[in-house]
Structures are given as C-alpha cells and as structure tokens.
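Asks: dropping a prediction and its sequence here:
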Amino acid sequence: MPEGHTIHRLARDHTRDLAKQSLAVSSPQGRAVQAAAALDGGAIEKVDAYGKHLLYRWSTGDTLHVHLGLYGTFRRLPSPPPEPRGALRLRLQGEQFTADLRGPIACELLEAPREELLLARLGPDPLRRDGDPERFAANLRRRRLPIGAALMDQAVIAGVGNVYRAEVLLIAGIDPRRPARDLSAGEMRAVWDISKRLLTAGVKANRIVTRPREAGRKSRVPRREAVYVYRREACARCGGPVERYELAARTMYACPACQPAATADSPSRALSPP
DNA sequence: AGGGTATGGTAAT
DNA sequence: TTACCCTACCCTC
C-alpha cells in the first residue's frame, strides 16, 4: 500500500483529523519514547508529504519524520482508543480520532539540517505542486540505467514504487529495460504525466487503481482487476502473457506485446489514455 | 486458520 | 549482496 499515493492521502487525512488540537503522544513499544515525550501535549500545524516521506510540523517548531517502508501502517481509530496491543510504535491521540503507527522504517524527530539532506536527495514528486517534469526529464537524461529501474530511484522521481512503475510503463507502452536516457522527450513527458494521473487517482481512491472499472462491475474490485499487469498472469489490455523478471532488485511485470523494445524503425508507442 | 509474500529502504557485510 | 523490520493482504485448506 505505501507508495506515494498512500503518503499524500495520510498527510491530508491527518491534517484534517489531528491538526490544531492538543495531542496525547505515546510510544507503547518503546522505540520512539524520546520523540513522543518531546511532542506529547503539543499540536500539529500541518502534515507535509514528499514522495514516500511524511513530515509532521508541530507548533513548537519540531518536525516528526515518518517513513512507512514496506510494512508500516497507520490505523485510524475513534478516540478514546482501546489499550495499545502489540508493537505499537506511535500513538497520536486527538479529540475525535487517534492514529496508531506500526512497523515504520522511520519515526523520528528531524532537525533542519537533516531534513535538508533528506529533501535534497529526492527527485520531483508528481503529487506536489512544485513537481517539475523538466527536472524529471533531466534526471532521466543523466542515467544509463533501464527506465524500469530509474522509476524506482527516489532521486529520479519521488513517490513511484513497484506497482506504479509497472503500470505506468504498460500504459506508456515502454519496455522497462530501455535505457532511461534513450527515451524521447515525448516519452519522458508521457511517463511523468501518466505517473501524475495514476498517483492522483490513487490518493482519491486511497488504493492503487490504474484500470477503468468494467461497466456494471461492483464498486470495489480485487486489486488484480484494478491493474493491467502487476502480479497478473495475463495483460488486462491485450490478454497476452505477462512477463516477470528482476529489475532493480524487485519483480518487474511487463507485457511484451504492449511494451515492445523500441527500434529506429518502430519507436514504441503509448496507449491512448484510458 | 494458517502460510506465503511484498507496495521500501537502511544498515551490516 | 544480504538481513531485517514484523504488518496486511491474498491465497489455500
């Protein structure tokens, strides 16, 4: 779940549910006791999202940095919440709602210099107003690695993960193994625009949905039916077999028919937007 | 009910 | 390159 869409959705929800009120902050698991003690009784001004990173801005001037990693999850409970159970890393208890954080890779106070370092190594984020497609293109031109690997590099583009990279490249009709810098300017722009569109839809739906729902289909379909290639046997666009292989230490899913290797004679072509 | 797997990144090796 | 975090989900039984 935690690609950029999840993070931006949490920033929005937590700003709505928890900001501008006194919060009881605790760390029952004991691994963020110091941060909890510093923040307890304080108030959040707003929550910012950069790629897959959450920054909670407290009225004291403190910034709490949270990164969910692969397992991390926030659960929203009505206040007052039940007694904490298990490995509960952080609990933010507000007047009406409580947010419980489990399994994050990062949950720490972030001093200004370290925040600068963190943001400096993030590429443009399509979900942010300041996300700049020209910066993205410049990042790609600088890299010889495959486009499927470049999209996983948070310094190239922030917020895209393993599901979105597969889906974006399928829709763009681009073979993931093509060197990033070999993409045409139009292809680079298409990859950015499709990423932005899919991530934005993900924030709204609060899940990854890259494929239009079939007419008359029930409103909530299994993930398998909400995507074109990720973890599928057959491509949802053409019905052909989906290829899977390791790329950037993760499993890549691609349709060889919809994502042909480009040649000088026949550059790969993008799908018309669904 | 229970087992296998992973939407991510860091630190150790 | 590998171990790890140790949750939620999906699948099978």
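Replies: Received, thanks.
Asks: need the three-state assignment for the nearest residue to residue A:7 once chain neighbours are set aside.
Replies: Setting aside the residues directly before and after it, residue A:7 is nearest to residue A:49 in space (C-beta to C-beta, 6 or more residues apart in numbering), at 4.8 Å. Just so you know, the C-beta spots here come from the backbone N, C-alpha and C atoms, and that holds for glycine as well. Classification of residue A:49 using DSSP: H, G, I helix; E, B strand; the rest coil returns strand.
Asks: please report how far residue A:49 lies from residue A:259.
Replies: 30 Å (C-beta to C-beta, to the nearest Å).
Asks: stretch A:69-76 near DNA strand B at all?
Replies: Yes - on the criterion C-beta under 7 Å from any atom of the strand, stretch A:69-76 is in touch with DNA strand B at A:69-71.
Asks: residues from chain A in reach of DNA strand B?
Replies: A:1-3, A:6, A:51-52, A:67, A:69-71, A:105-106, A:152, A:154, A:161-163, A:208, A:231, A:250-251.
Asks: so which of those are in strands?
Replies: Of those, the ones assigned to strands by DSSP state E are A:67, A:106, A:250-251.
Asks: residue of chain A with the smallest distance to DNA strand B?
Replies: Scanning chain A for the residue nearest DNA strand B gives residue A:161, at 1.8 Å (criterion: C-beta to the nearest atom of the strand).
Asks: so that residue touches residue A:52, yeah?
Replies: Yes - between residue A:161 and residue A:52 there is a contact at 7.4 Å, judged by C-beta atoms under 8 Å.
Asks: between those two, which contacts overlap?
Replies: A:2-4 (C-beta atoms under 8 Å, 6 or more residues apart in numbering).
Asks: closest to residue A:79 among those residues?
Replies: The closest of the shared contacts of residue A:161 and residue A:52 to residue A:79 turns out to be residue A:2 (C-beta to C-beta; 24.2 Å).
Asks: so which residues make contact with the worst-scoring helix or strand of chain A on mean pLDDT?
Replies: Here the helix or strand of chain A ranked lowest by mean pLDDT, DSSP states H and E is helix A:223-226, holding a mean of 81. Helix A:223-226 has contacts (C-beta under 8 Å, 6+ apart) with A:207-211, A:213, A:217, A:230-232, A:236.
Asks: quick one on the thing from earlier: who has more neighbours, residue A:161 and residue A:52?
Replies: Remark: of residue A:161 and residue A:52, residue A:52 carries more neighbours, 25 against 21, as counted by other C-beta atoms under 10 Å.
Asks: now do the contacts for that one.
Replies: For residue A:52, the contact set (C-beta under 8 Å, 6+ apart) comprises A:2-4, A:7, A:67-68, A:154, A:158-159, A:161.
Asks: buried among the contacts of helix A:223-226? Make that a PyMOL selection.
Replies: Of the contacts of helix A:223-226, the buried ones go into a single PyMOL selection, burial set by 16 or more other C-beta atoms under 10 Å:
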select buried, chain A and resi 208+209+210+211+230+232+236
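Asks: now the contacts of helix A:223-226 in TSV, with pLDDT?
Replies: Formatted as TSV, those follow (pLDDT from 0 to 100):
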residue	pLDDT
A:207	88
A:208	90
A:209	90
A:210	91
A:211	90
A:213	78
A:217	61
A:230	91
A:231	89
A:232	90
A:236	92
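Asks: of the residues of chain A next to DNA strand B, list those near DNA strand C.
Replies: Restricting these to those near DNA strand C by C-beta under 7 Å from any atom of the strand leaves A:1, A:69-71, A:105.
Asks: top of those residues by number of neighbours, please.
Replies: The most crowded member of those, judged by other C-beta under 10 Å, is residue A:1 (18 neighbours).
Asks: circling back to that earlier point, buried ones among the ones in strands among the residues of chain A next to DNA strand B?
Replies: A:67, A:106.
Asks: does residue A:53 really touch residue A:121, like I thought?
Replies: No - judged on C-beta under 8 Å, residue A:53 makes no contact with residue A:121 at a distance of 10.7 Å.
Asks: higher neighbour count, the two?
Replies: residue A:53 (24 against 10).
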